[in-house]
Every structure is written in C-alpha cells, then in structure tokens.
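Colleague: with the sequence up front, the predicted model follows.
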Amino acid sequence: MPRLTILNSMVGSDFPAALDKHVEWGLTDVDLKDQIFGKAVADLTRDEAANAARLIADRGLTTHCLSTGFFFAEVERGEAEFRQRFMEPLDDLIVVARELRPRLVRLLAARTARRDELAHVQAYIEGDHPWLMPLYAEAVARLQDAGLSVTVENEVGGCILSSPDEIRWFFEALGTPDVCLTWDVQNLWQMGSPPTIAVYESLRDLIGYYHLKGGQ
C-alpha cells in the first residue's frame, strides 16, 4: 500500500503539536522541511535535530524525508556561489541527517533566469554551466558516502526541469545510481507538462516519491 506523508509545516508551526496531528490523522511518516523549532531542517543544530528525533520517535513516527532547499538557485549565479551556499553546509546537513535518520534527503532542481528562452535546457547547461551536473554528482556522492539516500525534486519559478525530456536528461547527466525523482505533479504542470498517463509512464522508473498539493 502507498504510504502517505505531509510536510510538517503544512500541519502547523508548533512542531510537537504538528507531530501530534500526524498521529491523530493516522500518518506514520514525517517530511521535515521548516518550522522545526522555528528553523528550516538544514539549519538545525545537532542537539535540535536530536531533540526533534526524540519527539518523532516518542510518537511512533519515522522521518521519511529531509526536504532541503539545496541547489534551488539560478545557475547564472555561478559555481562559486553554489559551492558556498550548498556544498559548504553539506557536512552540517549530514550531521542533522544522522540524528533524524530519514529515508531520503531532498535536493531541488536548480533554476535559470533564461527559462522562457529555452525549449530544452541541455545545450545551455552543458555549454554555459558545465559545472552544474558534476556539482550535483559531488553532493550526491557525499550524502551517499554518509549512508543517505537522495531524491531530486522538480520545482517552479524558472526550474531547469520543465518536461519529462529534461528530467530524463538530468538523471542521465547526473550519472549517479540510486537517486530517485520526487515528482511534484503540480510543479511540473505549472511548468507546462500536465500529469497525463504518458508523462507518468515516461518517468515511472525514476519516481521514488510523489508530491501532491491541496487547496486552500
């Protein structure tokens, strides 16, 4: 049977109370993003992560995913900024992950300021930003070496993944086994690819996590 989860901050900003709601709703899996003692998951200290892990375990819950915002920036900002923003804090994220023991650590697909000009990003990334995919591979390798499994999610707002073809290119260019796609259905729809059966069939071998959004 499918297992359902929800971002903790969508349940509420009071972290222990949000966990209580998970139990009340019959959920067993937690997706940690932000509003964890007022912080994003990647900003937690080791002690805060250990405290969060205790609160989760005390309720019989498990951590499914650490939903970080790593790599969600415009590639035009360059390799140096990506390294500073996302590679330098990676060791701290690993410390947090070792306390929370998630099944997955999420990275986001990067953005481009030229999204409207590009029917497909491959030539642009490979020609103008050839450092991007090796940097992803480096981050994935460091996380996997720490015993963590990685997923990459498609976003909106200029995301480099706007179609199944771009997603397949991304994972082939990544060239790293055991990394799955978090398919955010509405995000891809907003980027121009509606959730048809054909889209699902084209991505099904990559999908490890499936995101839906509700209304207000």
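Modeller: Yep, that arrived.

Colleague: from the contact counts, what lies against the helix or strand harbouring R54?
Modeller: Using DSSP states H and E, R54 maps to helix 46-58. Helices and strands touching helix 46-58, by 3 or more CB pairs under 8 Å, 6 or more residues apart in numbering; DSSP states H and E, are helix 15-24, strand 62-67, helix 90-100. C-beta coordinates here come from the backbone N, C-alpha and C atoms, glycine included.

Colleague: could I get the shortest one in PDB with only the CA atoms?
Modeller: Yep, that's strand 62-67 we're talking about. The C-alpha trace of strand 62-67 is given here as PDB (Å, rounded to 0.1, in the frame of the first residue of the first chain):
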ATOM      1  CA  THR A  62       9.600   7.900  11.400                       C
ATOM      2  CA  THR A  63      11.300  10.500   9.200                       C
ATOM      3  CA  HIS A  64      10.700   9.900   5.500                       C
ATOM      4  CA  CYS A  65      12.400  12.900   4.000                       C
ATOM      5  CA  LEU A  66      14.500  15.900   4.900                       C
ATOM      6  CA  SER A  67      13.200  18.500   2.400                       C
END
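
Colleague: helix or strand right after that strand?
Modeller: Taking DSSP H and E, what comes next after strand 62-67 is helix 79-82.

Colleague: which other helices and strands contact that next one?
Modeller: helix 132-145.

Colleague: and after the helix it packs on, which helix or strand comes next?
Modeller: Past helix 132-145, the next helix or strand by DSSP H and E is strand 150-153.

Colleague: and that following strand, how far out from the chain's middle?
Modeller: Distance of strand 150-153 from the chain centroid (CA atoms, centre = their mean, to the nearest Å) equals 5 Å.

Colleague: the helix or strand just after it versus helix 132-145: what angle between them?
Modeller: Using DSSP H and E, the helix or strand that follows strand 150-153 in sequence is helix 164-174. Computed with axes from the mean of the first three to the mean of the last three CA atoms, to 10 degrees, the direction of helix 164-174 lies at 70 degrees from that of helix 132-145.

Colleague: got the buried residues for helix 164-174?
Modeller: Buried residues in helix 164-174, defined by neighbour count with 16 or more other CB atoms under 10 Å: 164, 166-171, 173-174.

Colleague: what of stretch 111-121?
Modeller: 111-112, 115, 118, 121.

Colleague: how about stretch 173-185?
Modeller: 173-174, 176, 179-185.

Colleague: please put the alpha-carbon coordinates of it into PDB.
Modeller: Presented in PDB, the C-alpha positions along stretch 173-185 are these (Å, rounded to 0.1, in the frame of the first residue of the first chain):
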ATOM      1  CA  ALA A 173      23.700  13.600 -17.000                       C
ATOM      2  CA  LEU A 174      23.900  13.100 -13.200                       C
ATOM      3  CA  GLY A 175      25.200   9.600 -13.900                       C
ATOM      4  CA  THR A 176      24.800   8.500 -10.300                       C
ATOM      5  CA  PRO A 177      22.900   5.400  -9.400                       C
ATOM      6  CA  ASP A 178      20.200   5.100  -6.700                       C
ATOM      7  CA  VAL A 179      19.000   8.700  -6.900                       C
ATOM      8  CA  CYS A 180      15.200   9.000  -7.400                       C
ATOM      9  CA  LEU A 181      12.900  11.700  -8.700                       C
ATOM     10  CA  THR A 182      10.400  13.400  -6.400                       C
ATOM     11  CA  TRP A 183       7.800  14.100  -9.000                       C
ATOM     12  CA  ASP A 184       5.900  17.200  -7.900                       C
ATOM     13  CA  VAL A 185       2.800  16.800 -10.200                       C
END
